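Chemist: turn this into a structure:
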Amino acid sequence: MDRVRGGSEEATMKTSGTRPLAIASVGLGGGSLVLFGYFLLFGPPFPFAIADSDPKRLAFDAFLCLVFFTQHSAMIRRGAKDYLAKRVSEARVPAFYSLASGVCLLALVLAWQPTTRFVFHLPTPARWLSGSLALLAVAGFVWGAHSLRGFDVFGTQRLQADLRAMSAPPAVFVVRGPYRYVRHPLYLFMLLLIWSTPRLPYDQLLFNVLWTVWIIIGTKLEERDLLADFGPAYRQYQASVPMLMPSPRAVLRRQRPSFDS
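Modeler: Down below sits the predicted model:
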């Protein structure tokens, strides 16, 4: 009886800890993404002054980007995941990553310092073109995310599997949708979105340049992890499909690649 009671109490403790973590991960992670989307399209949602000159604003904005880059790229590495798994359990690592990313992204969006000077303002006809490119980028991003299907954005799938005492499904290398034409379509559409702007203040120019550099560096680091995970299949994929910019050959090719499963 004591053994049964102990198992029941342990299950209750796991449930009481896991569900709030899942709610917080979805709430904070999802909320930060919504505000980030607004930020990309319209600028800071609640601008307030921290720095009193454009050079100071740019320096502060660069610091915010650096904090987000460091957290996002460091916590996604295999060594950081293994370190965290020893302290919070492996099933909770993706949710903690989502929480940390949400906090850093919210800090960036809410504390961002807009500058007073602009590089350019597009005239009305060109604004329609930039708006069309932005919509194309958003649609492409949705297409790419849907193609991943089992992509666990907030780590909730791992938490649910842990609650049910089930092992999480293994990662499977499958090429679908835009992944047939470019290896990292989400990054490609992100770059298209941030550069398809009808107005470019100096703080957004800084943002675009820093995020472009970070995306390229992060893509290189991610490629190493994917090679370690999927081995020869991913190496063949690298040789057949461009990394960020689709080639005419990749776009025109219609047959399914041999590495697709």
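
Chemist: mind listing the strands for this structure?
Modeler: 118-121, 199-201 (DSSP state E).

Chemist: touching the first one from outside, list them.
Modeler: Around strand 118-121, the neighbours that count as contacts under C-beta atoms under 8 Å, 6 or more residues apart in numbering are Pro198, Arg199, Leu200, Pro201, Tyr202, Leu205. Heads up, the C-betas are built off the backbone N, CA and C, glycines and all.

Chemist: in ChimeraX, how would I select the buried members of the residues you listed?
Modeler: Selection of buried members from these for ChimeraX, criterion 16 or more other C-beta atoms under 10 Å:
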select :198,200,201,202,205
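
Chemist: mind putting the contacts of strand 118-121 into TSV with pLDDT and distance to Ile23?
Modeler: What follows is those, written out as TSV (pLDDT from 0 to 100; distance: C-beta to C-beta, whole Å):
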residue	pLDDT	distance to Ile23
Pro198	86	37
Arg199	85	37
Leu200	90	38
Pro201	92	36
Tyr202	95	39
Leu205	95	38
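
Chemist: all helices in the stretch 51-200 of the chain, in order from the N-terminus.
Modeler: Here the stretch 51-200 of the chain has its helices, by DSSP state H, counting those that start in this stretch, at 54-75, 78-88, 93-111, 124-148, 156-163, 185-195.

Chemist: looking at those helices, which is nearest to Ser32?
Modeler: Ser32 lies closest, by C-beta to C-beta, to one member of those: helix 93-111, at 4.1 Å.

Chemist: list the buried residues for the closest one?
Modeler: Neighbour counts over helix 93-111 (16+ other C-beta under 10 Å) mark 93-106, 108-111 as buried.

Chemist: and if you look at stretch 231-247?
Modeler: Ala233, Tyr234, Tyr237, Ser240, Val241, Pro242, Pro246.

Chemist: with stretch 152-159 instead?
Modeler: In stretch 152-159, counting by 16+ other C-beta under 10 Å, buried: Asp152, Phe154, Gly155, Thr156, Gln157, Arg158, Leu159.

Chemist: could you list the low-pLDDT ranges of the stretch 51-200 of the chain?
Modeler: 150, 162-171 (pLDDT under 70).

Chemist: let's go with 50 and repeat that
Modeler: Counting by pLDDT under 50, the stretch 51-200 of the chain contains no low-confidence range.

Chemist: does Pro185 touch Ala137 like I think?
Modeler: No - in this structure, Pro185 is not within contact of Ala137 by C-beta atoms under 8 Å, at 10.4 Å.

Chemist: quick one on the thing from earlier: ok, which of the strands of the chain comes nearest Val172?
Modeler: Per C-beta to C-beta, nearest to Val172 of the strands of the chain: strand 199-201, 40.8 Å.
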